[in-house]
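J.: return a 3D structure for these sequence lines:
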Amino acid sequence: MERFVEKFIRYLDIEKNYSAHTILNYKLDLEEFQAFLGEQPVEKVDYLGVRKYLAVLKEKNLSSRSVSRKLSALRTFFRFLTREGFIKSNPVASVLSPKLDKHLPQFLTEEDTARLIESSIPATLSGLRDRAILETFYSTGIRISELVGLDCDDVDIISGIVKVRGKGKKERIVPIGEQAISAIRAYLGKKDQSSPALFLNAGRRRISDCGVRYIFRKYIRKTGIRQGISPHTLRHSFATHLLNRGADLRTVQELLGHANLGTTQIYTHLTTERLKNVYNKAHPRA
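T.: This next block holds a predicted model:
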C-alpha cells in the first residue's frame, strides 16, 4: 500500500494543490488504515474490510466527526486508485458516512469581543503585537493558519485590504477595518523589519499557531470570559456579528473563504437562535 499512498500524496500536492496541513492529515489517516490492514494487499480490500475498519474506530470511542473524516480520506484515496486503474472497483463507494451531530460554533458577544481585544495593553512590543493579532483576527475573520502565514507585504494599509493564503493554497483578498490597521501600523513602527513575517515571536521568528493560542488563552484568563474559547471563536464571532448586522450569506462566505455555501449556513442557525431568544423574551404570549 505504501507505494500507492506515495502516488496519492503526490497527486494531492501537484494536481489538487492541497495545503501541507491537509496532505499531512490524509497521510496520517492512510497510515492508520495501513496498520489495520497489516500484510493484506490494498487490491484485496473489499466493502466488508472497510466496515470492519470503521467498527475498530468506533471501538476506540472516536467521535462521528473523526470517523467521518477518516472515511473521507479513504473515499478519496480509493477513488484515485480506481480512476488510475490500480484497482478494479472502489470498496468505499457504497459505504455510508456516519451521521454527524450538529454542533453550533461558539461565539462571543460584541461586548465580550471588545473586552478581549482591549485587554491587551499596547505599552510594549509584545503588547502592540498582541493587540494587532486580536484586532486582525476579528477584523478579517481569517483562520489561525492564515494569520500566522501573513507577511508584511500582504497588508495594504492604504487600501485597507489583506491578501490571504487559504486552504488549498488559494489566495483571496479580504477587507480590514480601521482599528486593526491602526494596531498593525503601531506594531510595525516597533517591529524588527529584517523579517518579512508580519507577526513575530520573542525570538524574532514567525509566530506559530501554538504561540497565538498561548496569547489568546492569556487574555481569556485576564478578562474572565468563559473557558473553552479558542482563536477560532473570533472567526465564528466575526461571521455571526456580520449576519446579525445585516450582511448577506454570500458575502460572508467569500470573506471566510468557504468553498461551499453550506459550510457558511451553520451561522444562520446562530442568528436564528438569537431571534428566537429575543422573541421569547419580548412576546407576551411566547
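J.: please name the spatially closest residue to the most centrally placed residue in the chain (chain neighbours excluded).
T.: Residue closest to the average C-alpha location in the chain (CA atoms, centre = their mean): residue 143, at 5.2 Å. Take residue 143 and drop its neighbours on the chain: the residue closest to it by CB to CB, 6 or more residues apart in numbering is residue 235, 6.5 Å away. C-beta coordinates here come from the backbone N, C-alpha and C atoms, glycine included.
J.: how close does the one you found sit to residue 94?
T.: Applying CB to CB, to the nearest Å, the value for residue 235 to residue 94 is 36 Å.
J.: all helices of this protein, in order?
T.: 2-10, 20-37, 47-59, 64-83, 110-118, 125-140, 144-148, 178-188, 209-223, 231-244, 249-256, 261-264, 266-282 (DSSP state H).
J.: quick one, which of these is packed in tightest?
T.: Stretch with highest mean neighbour count among the helices of the chain: helix 125-140 (a mean of 23; mean count of other CB atoms under 10 Å).
J.: ok now that one, how far from the chain's centre?
T.: The gap between where helix 125-140 is centred and where its chain is centred comes out at 18 Å by CA atoms, centre = their mean, to the nearest Å.
J.: need the contact partners of it.
T.: Applying CB atoms under 8 Å, 6 or more residues apart in numbering, the contact partners of helix 125-140 are 113, 116-117, 120-122, 142, 147, 150, 162, 164, 174-177, 179-180, 183-184, 186-187, 190-191, 199-200, 202, 207, 212, 215-216, 219, 231, 234-235, 237-238, 255.
J.: any regions of this protein where pLDDT drops low?
T.: Across the chain, the ranges flagged by pLDDT under 70 are 100-104, 168, 227, 269-274, 286.
J.: domains for it, by residue range?
T.: 2-83, 110-280 (automatic domain parsing).
J.: can you get me the start-to-end distance on the longest one?
T.: The first residue of domain 110-280 is 21 Å away from its last residue (CA to CA, to the nearest Å).
J.: what's near enough to touch the residue nearest to residue 143?
T.: Here residue 235 is in contact with 137, 141, 142, 143, 256 (criterion: CB under 8 Å, 6+ apart).
J.: list just the nearest of those residues to residue 42.
T.: residue 143 (33.4 Å; CB to CB).
J.: turn the helices of the chain into a markdown table, including distance to residue 99.
T.: Shown next, in a markdown table, are the helices of the chain (distance: least, CB to CB, whole Å):
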| stretch | distance to residue 99 |
| --- | --- |
| helix 2-10 | 27 |
| helix 20-37 | 20 |
| helix 47-59 | 13 |
| helix 64-83 | 7 |
| helix 110-118 | 33 |
| helix 125-140 | 33 |
| helix 144-148 | 29 |
| helix 178-188 | 40 |
| helix 209-223 | 31 |
| helix 231-244 | 23 |
| helix 249-256 | 25 |
| helix 261-264 | 16 |
| helix 266-282 | 16 |
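J.: with adjacent residues omitted, what lies nearest to residue 267?
T.: residue 239 (4.7 Å).
J.: touching, that neighbour and residue 232? I think so.
T.: No: the pair residue 239 / residue 232 is not scored as a contact, 10.9 Å apart, by CB atoms under 8 Å.
J.: any idea how far the nearest residue to residue 27 once chain neighbours are set aside lies from residue 69?
T.: Leaving out its chain neighbours, the residue that sits closest to residue 27 by CB to CB, 6+ apart is residue 9, at 5.9 Å. Between residue 9 and residue 69 the computed distance is 17 Å (CB to CB).
J.: what does residue 6 give?
T.: Distance from residue 6 to residue 69, by CB to CB: 21 Å.
J.: appreciated, that's everything.
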